[in-house]
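Enquirer: fold the stuff below for me.
(2 chains)
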Amino acid sequence: MSFVPFTRRTLLATGGAAIATGTTGLLVPARAQTLAPTPSMRGGSNNYRPGAPIVERIGGGGFWMSGTVRRAGDGAPLEGQRIQIWAHTTEGHERDPQSHGATLTDANGEFRLEMPQIVPAFGQAHGHLAYDDEAFETVFLRPVMSSASDTSLTADFVLQPA
Amino acid sequence: MISDRVRFALIWTALVGVLAVPIAAAATSPLLAWRDPIYILAGFAGIVGMALLLVQPLLIGGLLPGLSGPPGRRVHRWIGGILVAAVLIHVGALWITSPPDVVDALLLVSPTPFSVWGVIAMWAVFAAALLAALRKRLRLRPRRWRLGHAALAVVTVLGTVAHALLIDGTMETLSKVMLCVLVLAATGKIVAGLKV
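Expert: The predicted structure is shown next:
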């Protein structure tokens, strides 16, 4: 049988490390994940068109907007949620009706809608997304593209039950 | 020693070139293909406005041959009026293009950091123009008036340069940076030599 030396030094080191870990908040009791809801972004609702139709594709396509929709708290994926997407693209200004379209999330809470290439407008290449139905609190997002030559953009929603 | 006539021609040719290059470069921007005329007008009013910010200190410093002294100051006043008009067209045409974005900018709640610089520059240029229009009525001591007008002009220039540099728009990067550097240099030279 091997002997494990347990000296004052190891006691202090182990105890000190335990206290240090505890104060950093790294030790949390086992509990259900609490996923915070996504807040709306500044300017997110600009040029929103309530009730834009669900479409197969916005215009001629070539650019992909995608993301996920989950429930706040447990993070469960939300199926069948309507997300409206719009932007200034090669086919129209943000305010133009043809620049808007909506899509529904699948069983994994994922959505993906093809649209025309987003081009810089008002100083930044950016898109807009909205969740605006009854079941959850409304959220408007305004993600910015890291490069104007990107051909896709993602945005994720965590929704708070209304 | 170059003659006055050659110097005159060189300086004016250089100035016209320096003003024309950024405007001409912006006119070739691919972004224009996807913008309505009113949005294009808004952008170019902004570019012209920034170009005029280069002319203003040169005029007031008497650095443009043929336009030093009182004639230079008279043209400076005219250009000041055109500059205010350019800013009004810039903001007004952007408002028509996307009202909520301009409302956000004017209320200083825009998500884009450059718009706050633009709004600061706008109020500073309006204040500088107002100070000029009310010069006689205000009866400020000349030094005090000059300090106030110059301070507002400096805020206008710094705000405009920050606004322009942060924007991904129709201006071509190199010519935009060049114009910004020249505007800063001309303003700096005149302010440094100011008698206040």
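
Enquirer: give the buried residues for the lowest-mean-pLDDT helix or strand in chain B.
Expert: The weakest-scoring helix or strand in chain B, judged by mean pLDDT, DSSP states H and E, is helix B:135-138 (a mean of 91). By neighbour count on 16 or more other C-beta atoms under 10 Å in any protein chain shown, the buried set for helix B:135-138 is empty. Bear in mind the C-beta positions are built from the backbone N, C-alpha and C, glycine included.

Enquirer: quick check: residues of chain B near chain A?
Expert: Contact residues, chain B versus chain A (C-beta under 8 Å from any C-beta of the partner chain): B:31, B:33-36, B:39, B:94, B:97-98, B:100-101, B:104, B:109-112, B:114-115, B:166-169.

Enquirer: and those, which of them are buried?
Expert: Buried among the residues of chain B next to chain A (16+ other C-beta under 10 Å): B:31, B:34-35, B:39, B:94, B:97-98, B:100-101, B:104, B:110-112, B:114-115, B:166-169.

Enquirer: the very next helix or strand once past the least confident helix or strand of chain B packs against which elements?
Expert: Once the chain leaves helix B:135-138, the next helix or strand it forms, by DSSP states H and E, is helix B:142-166. For helix B:142-166, the packing partners by 3 or more C-beta pairs under 8 Å, 6 or more residues apart in numbering or on different chains; DSSP states H and E come out as helix B:37-60, helix B:113-133, helix B:173-192.

Enquirer: buried deepest among the ones you listed, which one?
Expert: Among these, ranked by average contacts under mean count of other C-beta atoms under 10 Å in any protein chain shown, first place goes to helix B:37-60 (a mean of 21).

Enquirer: before we move on, back to that, alpha carbons only: can I get the least confident helix or strand of chain B in CSV?
Expert: Listed next in CSV are the C-alpha coordinates belonging to helix B:135-138 (Å, rounded to 0.1, in the frame of the first residue of the first chain):
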residue,chain,number,x,y,z
ARG,B,135,-21.4,88.6,-36.7
LYS,B,136,-22.4,92.3,-36.8
ARG,B,137,-25.5,91.8,-34.6
LEU,B,138,-23.6,89.9,-31.9
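
Enquirer: report the buried residues of the longest helix belonging to chain B.
Expert: In chain B, with assignment by DSSP state H, the single longest helix is helix B:70-97. Neighbour-count burial for helix B:70-97, counted by 16+ other C-beta under 10 Å, picks out B:72, B:75-76, B:79-80, B:83-84, B:86-87, B:89-91, B:93-95, B:97.

Enquirer: same question, stretch B:21-32
Expert: For stretch B:21-32, burial by neighbour count (16+ other C-beta under 10 Å) applies to B:21-23, B:25-26, B:29, B:31.

Enquirer: please list the members of those residues that lie in strands.
Expert: Here DSSP state E is the test, and those give no hits in strands at all.

Enquirer: low-scoring stretches of chain B, by residue?
Expert: B:1, B:196 (pLDDT under 70).

Enquirer: if we go to 80?
Expert: B:1-2, B:195-196 (pLDDT under 80).

Enquirer: chain B versus A:A155, what's the distance?
Expert: 14 Å (C-beta to the nearest C-beta, to the nearest Å).

Enquirer: rewinding a little: among the helices and strands packed on helix B:142-166, which comes closest to A:L104?
Expert: With C-beta to C-beta as the criterion, A:L104 lies closest to helix B:37-60 of those, at 32.4 Å.

Enquirer: now do that closest one and helix B:173-192, the angle between them.
Expert: 40 degrees (axes from the mean of the first three to the mean of the last three C-alpha atoms, to 10 degrees).
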